[in-house]
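1. Give me a 3D structure for the following:
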Amino acid sequence: MKILLISIGTRGDMEPFLAIGEILKEKGYQVICAFPEQFRSLAENSNLEFSSLGTKFIEMLDSDAGKAALGSSGSGFEKILAYVRLARNSTEINKELVNKQYEIIESEKPDRILYNGKATYPIIWGLDNIGKNILISPVPFMHYVRNHTHVGFHSNFGHFLNKLTYSLANFGLVTTTKISTKWLKLKRKISRKEIKNAPLSNKAIYTISPALFPRPDYWPENLKVLGYHERDKTVNWKPDKNLERFIANHDKILFVTFGSMTNPEPEEKTKIILDILEQRQIPAVINTASGGLVRPKKYNSDLFYFVSQIPYGYIFPKIYGVIHHGGSGTTHMAIKSGCASMIIPHIIDQYSWNNLISDLGVGPKGIAINKITSQKLEPKILDLFQNQSYKVKALEVAVKMKKENFREKLYKIIVE
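-> This next block holds a predicted model:
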């Protein structure tokens, strides 16, 4: 059986597919990753085949318009304008992405397609290949959940309006998919009704821990919550001796990262965080990652240690708490390691994770990247670092997460 994994987005969008790909490869299946070109090495390092979706999508996110949309510190109106500019610039890129998905699928002729919410052609392909395309979602609230809006709205507006947000999201998906059929100039006539019904009836797997997002008992059988799956990234990695020394010198450390998120003012955001930590003498490991945080020319090296990439599986068990952007993978890894956590959300699903972990009691509710100031952030960091109840709750949830094992069930649902 040949299984094609299609994922579009930042690195965090690739990781769930790579973890699933490794499981399927171990079972003897041929696995092909169709990702943006920038993630070729990730697939190849997992010994998975790779087919490129091109470079332009990630280049767009790294552009000034992309950074403004992901992490603008301006007003709400400026944020909306940034999204509008990004959408205007993305039409040709989206058209190219759809065509590349079509070409890869037509060339490979897979037996199964696993895809994320940003990939549209698998939905069209699935209309003639019933049961063979499966949505993989590392984020919650893509399908109706009582007392919560669709993930794009991250709130609770009451029963009627909550339901309406899922209808609006589905309308947007249908419209986008319908546009894709026009770009592809398909001979087959596809109705809006066909497209509307497909995502509701097809299999969907939420790669989320039930300890964080329990499966609603009123969901239909085609929707599953099958736990978080993580690759072992420490296999070919060794810590720097200076990092080991830094960790040994401090009893209680925070880890700060914005992961694959960028913003237009990384120096300013870094300074706000470092000034608070230094004033309160809180030691921290700072991960600059994709550039959302930066290493200043001068800083207190006794109190701060900078890294550009580091396996979370290594560092999280050694620290007290994590301040992060709220990506699904980082959220899971932090809590599974028993870390008190606070999210500084940048985009869409990260606001939902911010609400979830705050409601769960593993950390204080964080502040959006475009709203952080020293005055607003300092009491949040102190609460995270000093309120022992967050650590106790994180350790309690970690025990539950470590008992979860959905590998076999995940595999069977994909291939059966």
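
2. Scan the helices and strands of this structure for the one with the lowest mean pLDDT.
-> Scoring the helices and strands of the chain by mean pLDDT, DSSP states H and E places helix 64-71 at the bottom, with a mean of 66.

3. quick one, what contacts the nearest residue to Thr55 once chain neighbours are set aside?
-> Closest residue in space to Thr55, ignoring its immediate chain neighbours: Glu37 at 4.6 Å, by CB to CB, 6 or more residues apart in numbering. C-beta coordinates here come from the backbone N, C-alpha and C atoms, glycine included. Residues in contact with Glu37 (CB atoms under 8 Å, 6 or more residues apart in numbering) are Ser52, Leu53, Gly54, Thr55, Ile58.

4. need those residues in TSV with pLDDT, distance to Asn287 and neighbour count, can you?
-> As requested, the contacts of Glu37 are exported to TSV (pLDDT from 0 to 100; distance: CB to CB, whole Å; neighbours: other CB atoms under 10 Å):
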residue	pLDDT	distance to Asn287	neighbour count
Ser52	97	27	16
Leu53	97	26	26
Gly54	95	28	15
Thr55	95	24	12
Ile58	90	19	22
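
5. Would you mind giving these as TSV with secondary structure added?
-> Listed next are those as TSV, based on DSSP: H, G, I helix; E, B strand; the rest coil:
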residue	secondary structure
Ser52	strand
Leu53	coil
Gly54	coil
Thr55	coil
Ile58	helix
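
6. Widest-spaced pair of these?
-> Ser52 and Ile58 (11.4 Å; CB to CB).

7. if I look at the two, which residues touch both of them?
-> Both Ser52 and Ile58 are contacted by Pro36, Glu37, under the criterion CB under 8 Å, 6+ apart.

8. residues in contact with the residue nearest to Asn133 when sequence neighbours are not counted?
-> Leaving aside its chain neighbours, Asn133 sits nearest to Gly126 (3.6 Å; criterion: CB to CB, 6+ apart). Applying CB under 8 Å, 6+ apart, we find Gly126 in contact with Ile113, Lys132, Asn133, Ala198, Asn202.

9. out of those residues, which are buried?
-> Neighbour counting over the contacts of Gly126 (16 or more other CB atoms under 10 Å) leaves Ile113, Lys132, Asn133, Ala198, Asn202 as the buried ones.

10. Dump these into a markdown table; add secondary structure, pLDDT and distance to Arg295 as well.
-> Listed next are those as a markdown table, based on DSSP: H, G, I helix; E, B strand; the rest coil; pLDDT from 0 to 100; distance: CB to CB, whole Å:
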| residue | secondary structure | pLDDT | distance to Arg295 |
| --- | --- | --- | --- |
| Ile113 | strand | 98 | 41 |
| Lys132 | coil | 95 | 47 |
| Asn133 | strand | 95 | 43 |
| Ala198 | helix | 86 | 47 |
| Asn202 | coil | 90 | 45 |
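
11. Take those residues and write them to JSON lines, including distance to Phe406.
-> Listed next are those as JSON lines, based on distance: CB to CB, whole Å:
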{"residue": "Ile113", "distance to Phe406": "20"}
{"residue": "Lys132", "distance to Phe406": "21"}
{"residue": "Asn133", "distance to Phe406": "20"}
{"residue": "Ala198", "distance to Phe406": "25"}
{"residue": "Asn202", "distance to Phe406": "19"}
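
12. tell me which of the residues you listed is nearest to Met333?
-> Nearest to Met333 among the buried ones among the contacts of Gly126: Ile113, at 27.1 Å, using CB to CB.

13. what ranges do the strands span in the chain?
-> Taking DSSP state E to define them, one finds strands in the chain at 2-6, 30-35, 49-52, 112-115, 133-137, 203-206, 223-225, 254-257, 284-287, 304-307, 321-324, 340-343.

14. which residues in the stretch 101-250 of the chain form helices?
-> In the stretch 101-250 of the chain, the helices defined using DSSP state H, counting those that start in this stretch lie at 121-126, 159-184, 192-201, 241-248.

15. and the ones you listed, which one's lowest on average pLDDT?
-> Lowest mean pLDDT within those: helix 192-201, a mean of 87.

16. List the buried residues in that helix.
-> Ile195, Lys196, Ala198, Pro199.

17. Ok, stretch 129-148 next?
-> By neighbour count on 16+ other CB under 10 Å, the buried set for stretch 129-148 is 132-145, 148.
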